[in-house]
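Engineer: predicted structure and sequence below. I'll ask about it afterward.
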Amino acid sequence: MRVWAVANQKGGVGKTTTSIALAGLLADAGKRVVVVDLDPHGSMTSYFGHDPDSLEHSAFDLFQHQGSVPQGLPGQLLLPTSHPSIALLPSSTALATLERQSPGQSGLGLVIAKSLAQLWDDFDHAIIDSPPLLGVLMVNALAASQQLAIPVQTEFLAVKGLERMVSTLAMINRSRKQALPYTIVPTLFDRRTQASLSTLRTLRNAYPDHLWPAYIPVDTRLRDASRAGQTPSQFDDKSRGVLAYRALLKHLLSNELAAQVA
Ligand SMILES: Nc1ncnc2c1ncn2[C@@H]1O[C@H](COP(=O)(O)OP(=O)(O)O)[C@@H](O)[C@H]1O
Ligand SMILES: [Mg+2]
């Protein structure tokens, strides 16, 4: 199984949309995908028609066993989605109690990695939608992953948030054997606005080695897909947003190949 996280400490930058778009395209290609909602807001869980405020069982259950994960539990928590090849490990509001806990003290940093290890043979790919705070949940997402996508909204204040995310990553990398490879994904790009153009330029100068050289455009079809509870490619396979996400997926998959060769 390949495990990717989608993270940024800023909200509203397209993390959930990116997670679901990539999962949808992988599933369309015949992969068995598990999506993990580690954001206590539960947007991904809601997207697929489940209510994070009323779910009795969720990813939270995995954290209730002092850092060990009972055999079989991750599989029992999975819920269906709009796509037959995508299973959801849902969030619930209870996860908020973990979000601010200091990861060092709790011993809970590897709960998601251990949980996914139990699902290794059942899925080809996992995609983790991460919370916007650096706490136990973010640490779990990054510790479980082999690759990270950082969506960055192409507007003026976004670069500051990105700096924070990159320094969080540097901190987390100190406790990993190998640095986590990451790709910056410009999102919500509107080529008519000065802000989008100049942010893209800033990103190109500041992160030449980590920037995906294209961008995800503003596309209302992505919003419509979320309203319909379908993955973007289920909703409209030909939309500009889906075309861009298809190119992004290709880029991320080729990163994996490059890493295997190295
Ligand atoms: N490329 C895009 N074009 C248009 N709307 C988008 C795009 N990406 C995300 N959105 C919308 O913007 C809002 C925030 O996106 P979301 O993926 O939930 O961000 P995050 O998970 O980072 O908070 C959602 O309403 C989503 O449908
Ligand atoms: Mg989100």
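Structural biologist: Sure, I can see it. Residues are numbered from 1 along each chain as shown. Ligands and ions are numbered 1, 2, ... in the order given.

Engineer: low pLDDT regions in the stretch 101-250 of the chain?
Structural biologist: 103-105 (pLDDT under 70).

Engineer: could I get the full set of helices for it?
Structural biologist: 103-106, 111-118, 136-144, 158-173, 194-206, 220-228, 232-235, 240-261 (DSSP state H, counting those that start in this stretch).

Engineer: quick one: closest of the ones you listed to S68.
Structural biologist: Across those, S68 has its closest neighbour in helix 111-118 (7.4 Å, CB to CB). Glycine gets a C-beta too; all of them are placed from N, C-alpha and C.

Engineer: one step back: make JSON lines out of the helices of the stretch 101-250 of the chain and add distance to ligand 2 and mean neighbour count.
Structural biologist: Formatted as JSON lines, the helices of the stretch 101-250 of the chain follow (distance: least, CB to the ion, whole Å; neighbours: other CB atoms under 10 Å):
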{"stretch": "helix 103-106", "distance to ligand 2": "20", "mean neighbour count": "13"}
{"stretch": "helix 111-118", "distance to ligand 2": "17", "mean neighbour count": "21"}
{"stretch": "helix 136-144", "distance to ligand 2": "12", "mean neighbour count": "26"}
{"stretch": "helix 158-173", "distance to ligand 2": "14", "mean neighbour count": "16"}
{"stretch": "helix 194-206", "distance to ligand 2": "20", "mean neighbour count": "15"}
{"stretch": "helix 220-228", "distance to ligand 2": "10", "mean neighbour count": "16"}
{"stretch": "helix 232-235", "distance to ligand 2": "15", "mean neighbour count": "23"}
{"stretch": "helix 240-261", "distance to ligand 2": "16", "mean neighbour count": "16"}
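
Engineer: quick one, phi/psi of the closest residue to ligand 2 within the stretch 1-150 of the chain?
Structural biologist: Closest to ligand 2 within the stretch 1-150 of the chain is T16: 3.4 Å, counting by CB to the ion. The phi/psi pair for T16 (degrees, to the nearest 10) reads phi -70, psi -40.

Engineer: just checking, it touches T45?
Structural biologist: No. Between T16 and T45 there is no contact under CB atoms under 8 Å: 9.7 Å.

Engineer: returning to what we had before: closest one to ligand 1 among the helices of the stretch 101-250 of the chain?
Structural biologist: Checking those against ligand 1 by CB to the nearest ligand atom gives helix 220-228 as the closest, at 4.0 Å.

Engineer: mind giving me the packing neighbours of the closest one?
Structural biologist: Helices and strands touching helix 220-228, by 3 or more CB pairs under 8 Å, 6 or more residues apart in numbering; DSSP states H and E, are helix 15-28, helix 232-235, helix 240-261.

Engineer: for the residue of the stretch 1-150 of the chain closest to ligand 2, what are its contacts?
Structural biologist: The contact partners of T16, by CB atoms under 8 Å, 6 or more residues apart in numbering, come to V6, D39, S43, M44, Y47, D129.

Engineer: so what pLDDT did the third one get?
Structural biologist: Listed pLDDT for S43 reads 98.

Engineer: out of the helices and strands packed on helix 220-228, flag the one nearest Q153.
Structural biologist: Between the helices and strands packed on helix 220-228, helix 15-28 lies closest to Q153; by CB to CB that is 10.3 Å.

Engineer: about what we covered before: now distance to D121 too, for the helices and strands packed on helix 220-228, in TSV please.
Structural biologist: As requested, these are exported to TSV (distance: least, CB to CB, whole Å):
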stretch	distance to D121
helix 15-28	17
helix 232-235	26
helix 240-261	19
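
Engineer: make CSV out of the ones you listed and add distance to ligand 1.
Structural biologist: Formatted as CSV, these follow (distance: least, CB to the nearest ligand atom, whole Å):
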stretch, distance to ligand 1
helix 15-28, 3
helix 232-235, 9
helix 240-261, 5
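
Engineer: circling back: what is the most widely separated pair among the contacts of T16?
Structural biologist: Farthest pair in the contacts of T16 (CB to CB) is V6 and Y47. Separation: 13.4 Å.
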